[in-house]
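Asker: prediction below, plus the sequence it came from.
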Amino acid sequence: MNTKRYAVLLISSLVFLALTGNTGAEEPNEEPVEIELIPNQTLREVIVSHTDGNGVLQLYCMKEDGSGSRQLTYSDHGCRMPACSPDGERLAYVQQVGHGLSLWISTINGKNSRVLADDGRNLLPCWLPDSKHIVWMKAQPGHEPSRNSQIHLLNTETGESRRLFTDPDQLKFSNSMPVVSPKGDRIAFVSNRSGAMRIWVSNLDGSNARQISKAEMEYHHAIKAPIEQKVPAWSPDSKWIAHWEGVEMIHLSAFTGVRDPKRDQMISATFHVWVVGSDGKNRRKVGRGDDPNWSPDGFVTRAFPDPDRGGPKIMIETPTGEKELPIVPRLENWGRFTWKP
């Protein structure tokens, strides 16, 4: 599989956004959402991966209204999946090098970059609260990488790394897309131990694992494909987990080789962001889209394709409704974003 396609498979929205734009599929009919831009206030900063003028993913630092953008990386093949250390001093990200996907670290301004892991396909870094250790998924070749992946832990100061889970039951299954809770006591991840990919939570060693979010349906009979869950994200207070849920994009025409626009539209319509309590209770649907994230003050973001922008639209919940985060320029693709502490 082409390395670039392999990488975007990990984040459903990247393919979702690109394919929706290329196929010309209509958006699912939904109730209109009242959108308001960010009001004048003290604006926070984000680090965003979006394409440059040559179509290569780079990292940019900007205000949450998209202003003051400055480029941090100048990669030949692309940087994506940025993650800021909790102390705000360092930045971890994934860079394509040759045919691999390497894990890199730099200062928060993109300077003094160095490679942390360059063997194979290393994806989705997440910091532990100590701003010293990183967890990430190391995927093996395969049609759908999260089905053949394991979670690793790395000390960014010594370079020492190992498999994170030691629990024998956990090691029997694929474990991917790890995110450690802000309190540092638990980890959310994606696993196939119950069949379809689901969101699980366990102790850091993999013990006491349990499925945290019950899917709206197990199988989509019209599409003839299972409903899956991916991309977990902890709220800042460790009380909630947001995640994507829908039919995996490998069932889209671009991957099956069989053109079926109507089926593609049905698949895209299943893409939604959900939030569930870390105790498995109070599950709710946030809205259509993918790639959930949390603002520092505890509001969920989601992304979905916007034909008017020619790329993704990122929305954030607020007490008064949803607002747009215009952090990706028009006509550009993206590879995730992170809030600066």
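Answerer: Done, it's in. Residues are numbered from 1 along each chain as shown.
Asker: please enumerate the strands of the stretch 51-200 of the chain.
Answerer: 57-63, 70-71, 79-84, 90-97, 100-107, 114-117, 121-127, 133-139, 149-155, 161-163, 175-180, 186-191, 198-203 (DSSP state E, counting those that start in this stretch).
Asker: strand partners of the third one, parallel vs antiparallel please.
Answerer: Pointing back at strand 79-84 there. strand 90-97 (antiparallel) (DSSP bridges).
Asker: give me the contacts around the partner strand.
Answerer: Strand 90-97 is touched from outside by 3-4, 7, 47, 49, 59, 72-73, 75, 77-85, 101-108, 110, 115-116, 118, 122-125, 127, 131, 134, 156, with contacts defined as CB atoms under 8 Å, 6 or more residues apart in numbering. The way it works is simple: take the backbone N, C-alpha and C, and place the C-beta from them, glycine included.
Asker: would you mind getting the angle between it and strand 100-107?
Answerer: Angle of strand 90-97 versus strand 100-107, following axes from the mean of the first three to the mean of the last three CA atoms, to 10 degrees, is 150 degrees.
Asker: using CSV, write out every CA atom in strand 90-97.
Answerer: Taking Å, rounded to 0.1, in the frame of the first residue of the first chain, the C-alpha atoms of strand 90-97 are listed here in CSV:
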residue,chain,number,x,y,z
ARG,A,90,7.9,20.4,23.0
LEU,A,91,6.1,19.1,20.0
ALA,A,92,5.8,15.5,18.8
TYR,A,93,4.6,14.7,15.3
VAL,A,94,4.8,12.2,12.5
GLN,A,95,6.9,12.8,9.4
GLN,A,96,7.0,10.8,6.2
VAL,A,97,10.6,9.8,5.4
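Asker: Arg186 is in contact with Pro129, correct?
Answerer: No - contact criterion CB atoms under 8 Å: Pro129 and Arg186 do not qualify, at 11.6 Å.
Asker: list the buried residues of stretch 119-134.
Answerer: 121-128, 131-134 (16 or more other CB atoms under 10 Å).
Asker: quick one: average pLDDT of that stretch?
Answerer: Average pLDDT, stretch 119-134: 96.
Asker: ok, stretch 232-240 next?
Answerer: 98.
Asker: returning to that earlier point: mind telling me the two of the buried residues of stretch 119-134 farthest from one another?
Answerer: Arg121 and Ser131 (25.0 Å; CB to CB).
Asker: quick one: residues contacting Ser235.
Answerer: Ser235 neighbours (CB under 8 Å, 6+ apart): 182, 241-242, 294, 298.
Asker: adding distance to Ser174 as columns, could you present the residues you listed in TSV?
Answerer: Shown next, in TSV, are the contacts of Ser235 (distance: CB to CB, whole Å):
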residue	distance to Ser174
Pro182	25
Ile241	19
Ala242	21
Trp294	25
Gly298	30
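Asker: kindly indicate the member of these with the most neighbours.
Answerer: Ile241 (26 neighbours; other CB atoms under 10 Å).
Asker: show me what the helix or strand where that residue lies is packed up against.
Answerer: Element membership for Ile241 (DSSP states H and E) is strand 240-247. Counting contacts by 3 or more CB pairs under 8 Å, 6 or more residues apart in numbering; DSSP states H and E, strand 240-247 packs against helix 12-23, strand 198-203, strand 225-234, helix 261-269, strand 272-277, strand 290-294.
Asker: for these, could you give me JSON lines that also reports distance to Asp308?
Answerer: Shown next, in JSON lines, are those (distance: least, CB to CB, whole Å):
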{"stretch": "helix 12-23", "distance to Asp308": "11"}
{"stretch": "strand 198-203", "distance to Asp308": "32"}
{"stretch": "strand 225-234", "distance to Asp308": "25"}
{"stretch": "helix 261-269", "distance to Asp308": "17"}
{"stretch": "strand 272-277", "distance to Asp308": "21"}
{"stretch": "strand 290-294", "distance to Asp308": "19"}
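Asker: and these, which is most packed in?
Answerer: Of the helices and strands packed on strand 240-247, the one with the most neighbours on average (mean count of other CB atoms under 10 Å) is strand 290-294, at a mean of 24.
Asker: and the angle for the next helix or strand after that one with strand 240-247?
Answerer: Where DSSP H and E defines the elements, the next helix or strand beyond strand 290-294 is strand 300-306. Here the directions of strand 300-306 and strand 240-247 differ by 30 degrees (the same axes, to 10 degrees).
Asker: weakest of the helices and strands packed on strand 240-247 by average pLDDT?
Answerer: helix 12-23 (a mean of 36).
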